[in-house]
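>>> Sequence plus the predicted model coming up.
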Amino acid sequence: MTYSLRIGDLAEQFQVPVETVRYFEKQGLLPEPQRSEGNFRLYSDAHRERLAFILNCRALDMTHVEIRELLAVLEQPELGCDAVNNLIDEHVLHVRARIKSLRKLESELVSLRQRCGVPTAAKDCAILDDLGKRSPSRKSADHHLSGVHGRRDRG
């Protein structure tokens, strides 16, 4: 196996920051590369293929736990793919739940926006007034703090 790609080259191939490659190494998703005599990281084609796999999973919003599970199956090609099917089925359920939650959020925002038909002074702003008077539900606040953009625990 030849180790010829430096971290910058690998990152550039996938148009990701170098820090992303290092992060996946720290998380144990990408194996540590060989080092050159000058202590530069040197990556192989196997690293490139694995990084592509990881990035494809992340594009589908999979967690690190889910990616580890898929990598474990990938590394044992003689196994059946039932675990893969189950993981994807569960992921679809998470996505559907997030879509439902986002639709509710959209409805709340549209309703809030409708409170202000004509811009006024901030002291008379119906939106600001409404936001100040609402009693935030703990569940709603926790959800939006932990998943502002639909992210679950990254594991």
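Received, thanks. Residues are numbered from 1 along each chain as shown.
>>> Please report the distance of the residue lying closest to Arg113 once chain neighbours are set aside from Gln114.
Excluding the flanking residues, the one nearest Arg113 by CB to CB, 6 or more residues apart in numbering is Ile127, at 7.2 Å. Glycine gets a C-beta too; all of them are placed from N, C-alpha and C. Distance of Ile127 to Gln114, computed by CB to CB, to the nearest Å: 9 Å.
>>> if you count what's nearby, which of these two comes out ahead?
Set Ile127 next to Gln114 and count neighbours by other CB atoms under 10 Å: Ile127 wins out with 13 against 10.
>>> Doesn't that one belong to a strand?
No: using DSSP: H, G, I helix; E, B strand; the rest coil, the secondary structure at Ile127 is helix, not a strand.
>>> can I assume it is in contact with Cys116?
Yes: Ile127 lies in contact with Cys116 (CB atoms under 8 Å); the separation is 5.0 Å.
>>> quick one: the helices in this structure?
Residue ranges of the helices in the chain, as given by DSSP state H, are 7-14, 18-26, 45-59, 64-74, 82-113, 126-133, 138-146.
>>> between those helices, which gets nearest to Arg35?
Shortest distance between Arg35 and the helices of the chain, using CB to CB, is found for helix 7-14: 11.0 Å.
>>> buried sites along that closest one?
7, 10-11 (16 or more other CB atoms under 10 Å).
>>> between those residues, which is nearest Val84?
Using CB to CB, the buried residues of helix 7-14 come closest to Val84 at Leu10, 25.9 Å.
>>> distance of the closest one from Gly28?
Remark: distance between Leu10 and Gly28 (CB to CB) = 17 Å.
>>> Any regions of this structure where pLDDT drops low?
1, 3, 137-155 (pLDDT under 70).
>>> Return the residues in contact with Pro31.
25, 47, 50 (CB atoms under 8 Å, 6 or more residues apart in numbering).
>>> Tell me how many other residues surround Leu29.
Neighbours of Leu29 (other CB under 10 Å): 18.
>>> check contacts around it.
50, 54, 64, 67-68, 71.
>>> Any of those buried? List them.
Applying 16+ other CB under 10 Å to these flags 50, 54, 64, 67, 71 as buried.
>>> And the residue lying closest to the second one once chain neighbours are set aside, how far from Phe40?
Spelled out, it's Ile54. The spatially closest residue to Ile54, leaving aside those adjacent along the chain, is Leu29, at 5.4 Å (CB to CB, 6+ apart). From Leu29 across to Phe40, the span is 21 Å (CB to CB).
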